[in-house]
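**Student:** here are the coordinates; sequence isn't available:
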């Protein structure tokens, strides 16, 4: 409730204390102009003889002024300090400095129209275009004098954005997690490459995700399946996969996907005492090439490209950890040709047994069951 009151009868500090205790009343100052408010504050300080009051009584007067004017405590303190030094409170007259507007709305409209017609190029290109237009059309003479920096400033203004809209690509956020580098195992096992393979969508429903991991040196490979690449599903599966390797993991390498570049994966690596974490460098597709080839030769060859609903992730994990991972690492036959250098410097691949292919004979030697 708002009450319009006459405070001429309030002349004592006790009266102000009684008024401040009536907190259930919504009392506000009715004058709106700043000059009138300042004049009322000055009259109030004079009426209660503010300079002769003690500290407690001065606080009561300040609270009363704050209640009536709705000014902040800092503002009341400034006004009281002004009264103490000069004896009066007046509104300061000043003129705010404003820069002259060099480019009118018509010039801004020409800039927006030129930007839109040319596909929003960089500032230097649009400035050169405005200079060429100024030779043929006098309307562009003023806007052609604009600087490159001011072009970008006007593009951010509300006046410009009312005339045209430019939607740029989403800028990627920089992450300090991981180091951009190619892993250097130097013949040591434990440098794991990781990637995610998605099994397609159907009717706006996400399919299952395969988590593929492979060691660079020994070619050990372990695969798992997750319903989604969220924290709840990915972290336990990733922990199960990393613990399946029969040697200590020294490095964890992935691409720049957010499913691995996050604080939850970092916490898991710290828990498993894995010190190194690297991620692929831009324009270096070979950094994670080995896992990409395994995605095609293993997962796509055995599982295919068809849609698999995420509800079958548990069945796939029973297949992967039940027999498939063991088959990949210990029972899958691998054949490597023996390389022989001829006297003329050429290299020929020969082996212990031959396989006829048409009229040609292809010789292959089986080195061992290493995968």
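**Tutor:** Received the coordinates, thanks. Keep in mind that what you see is a predicted model, and the values were worked out from it rather than measured.
**Student:** Domain parsing of the protein, as residue ranges.
**Tutor:** 7-86, 105-163, 187-331, 334-371 (automatic domain parsing).
**Student:** now the ones you listed as a markdown table including mean neighbour count, distance to residue 176 and mean pLDDT?
**Tutor:** C-betas here are computed from N, CA, C, even on glycine. A markdown table is the format used below for these (neighbours: other C-beta atoms under 10 Å; distance: least, C-beta to C-beta, whole Å; pLDDT from 0 to 100):
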| stretch | mean neighbour count | distance to residue 176 | mean pLDDT |
| --- | --- | --- | --- |
| domain 7-86 | 14 | 40 | 82 |
| domain 105-163 | 15 | 28 | 92 |
| domain 187-331 | 16 | 10 | 91 |
| domain 334-371 | 11 | 36 | 58 |
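**Student:** need the ones you listed in a markdown table with distance to residue 181, can you?
**Tutor:** A markdown table is the format used below for these (distance: least, C-beta to C-beta, whole Å):
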| stretch | distance to residue 181 |
| --- | --- |
| domain 7-86 | 54 |
| domain 105-163 | 32 |
| domain 187-331 | 5 |
| domain 334-371 | 27 |
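**Student:** And those: which comes nearest residue 175?
**Tutor:** Closest to residue 175 of the domains of the chain is domain 187-331 (C-beta to C-beta; 5.4 Å).
**Student:** The closest one spans what distance, first to last residue?
**Tutor:** 23 Å (C-alpha to C-alpha, to the nearest Å).
**Student:** same deal with stretch 277-288?
**Tutor:** Using C-alpha to C-alpha, the two ends of stretch 277-288 sit 13 Å apart.
**Student:** Can we start the residue count at 696 from this point?
**Tutor:** Will do, 696 is the new start, and the previous item becomes stretch 972-983.
**Student:** And the contacts of that stretch?
**Tutor:** 872-878, 888, 890, 946-951, 955-956, 961, 964 (C-beta atoms under 8 Å, 6 or more residues apart in numbering).
**Student:** for stretch 1003-1020, same thing?
**Tutor:** Contacts for stretch 1003-1020 (C-beta under 8 Å, 6+ apart): 894-895, 897, 900-905, 916-923, 928, 932, 935, 939, 997.
**Student:** Determine which of the domains of the chain approaches residue 867 most closely.
**Tutor:** Closest to residue 867 of these is domain 882-1026 (C-beta to C-beta; 8.3 Å).
**Student:** Relative to the whole chain's centre, how far out is that closest one?
**Tutor:** 24 Å (C-alpha atoms, centre = their mean, to the nearest Å).
**Student:** Going along the chain from the helix or strand hosting residue 731, find the next helix or strand for me.
**Tutor:** Assigned by DSSP states H and E, residue 731 belongs to helix 729-742. Remark: after helix 729-742, the chain's next helix or strand is helix 750-764, criterion DSSP H and E.
**Student:** follow-up on the earlier one: figure out which of the domains of the chain is closest to residue 866.
**Tutor:** Of the domains of the chain, nearest to residue 866 by C-beta to C-beta is domain 882-1026, at 14.1 Å.
**Student:** Phi and psi next, for residue 892.
**Tutor:** Dihedral angles of residue 892 (phi, psi; degrees, to the nearest 10) stand at phi -120, psi 120.
**Student:** For it, which residues are in contact?
**Tutor:** Taking C-beta under 8 Å, 6+ apart as the criterion, residue 892 is in contact with 904-905, 907, 990, 994-995.
**Student:** again, but for residue 933
**Tutor:** 889, 906, 919, 960, 963.
**Student:** and which of the residues you listed is nearest residue 853?
**Tutor:** Closest to residue 853, out of all of these and judged by C-beta to C-beta, is residue 960, at 42.2 Å.
**Student:** Are we agreed that the closest one is in a helix?
**Tutor:** Yes - the assignment for residue 960 by DSSP: H, G, I helix; E, B strand; the rest coil puts it in a helix.
**Student:** Go ahead and confirm it touches residue 926.
**Tutor:** No - taking contacts as C-beta atoms under 8 Å, residue 960 lies outside contact range of residue 926: 9.1 Å.
**Student:** and residue 927, how far is that from residue 920?
**Tutor:** Applying C-beta to C-beta, to the nearest Å, the value for residue 927 to residue 920 is 15 Å.
**Student:** er, residue 842 actually
**Tutor:** Relative to residue 920, residue 842 is positioned 58 Å away (C-beta to C-beta).
**Student:** before we move on, what about residue 865?
**Tutor:** Residue 865 sits 30 Å away from residue 920, taking C-beta to C-beta as the criterion.
**Student:** can you check residue 734 too?
**Tutor:** 78 Å.
**Student:** next one: residue 830
**Tutor:** Where residue 920 is concerned, residue 830 sits at a distance of 66 Å (C-beta to C-beta).
**Student:** Residue 848 too?
**Tutor:** 52 Å.
**Student:** where do the helices sit along the protein?
**Tutor:** Applying DSSP state H to the chain gives helices spanning 708-716, 729-742, 750-764, 768-781, 800-812, 818-831, 843-850, 853-858, 926-938, 958-966, 984-989, 996-997, 1008-1014, 1020-1021.
**Student:** Let's have those helices in JSON lines, adding distance to residue 1038.
**Tutor:** What follows is the helices of the chain, written out as JSON lines (distance: least, C-beta to C-beta, whole Å):
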{"stretch": "helix 708-716", "distance to residue 1038": "110"}
{"stretch": "helix 729-742", "distance to residue 1038": "103"}
{"stretch": "helix 750-764", "distance to residue 1038": "103"}
{"stretch": "helix 768-781", "distance to residue 1038": "95"}
{"stretch": "helix 800-812", "distance to residue 1038": "69"}
{"stretch": "helix 818-831", "distance to residue 1038": "62"}
{"stretch": "helix 843-850", "distance to residue 1038": "67"}
{"stretch": "helix 853-858", "distance to residue 1038": "75"}
{"stretch": "helix 926-938", "distance to residue 1038": "49"}
{"stretch": "helix 958-966", "distance to residue 1038": "52"}
{"stretch": "helix 984-989", "distance to residue 1038": "34"}
{"stretch": "helix 996-997", "distance to residue 1038": "40"}
{"stretch": "helix 1008-1014", "distance to residue 1038": "51"}
{"stretch": "helix 1020-1021", "distance to residue 1038": "45"}
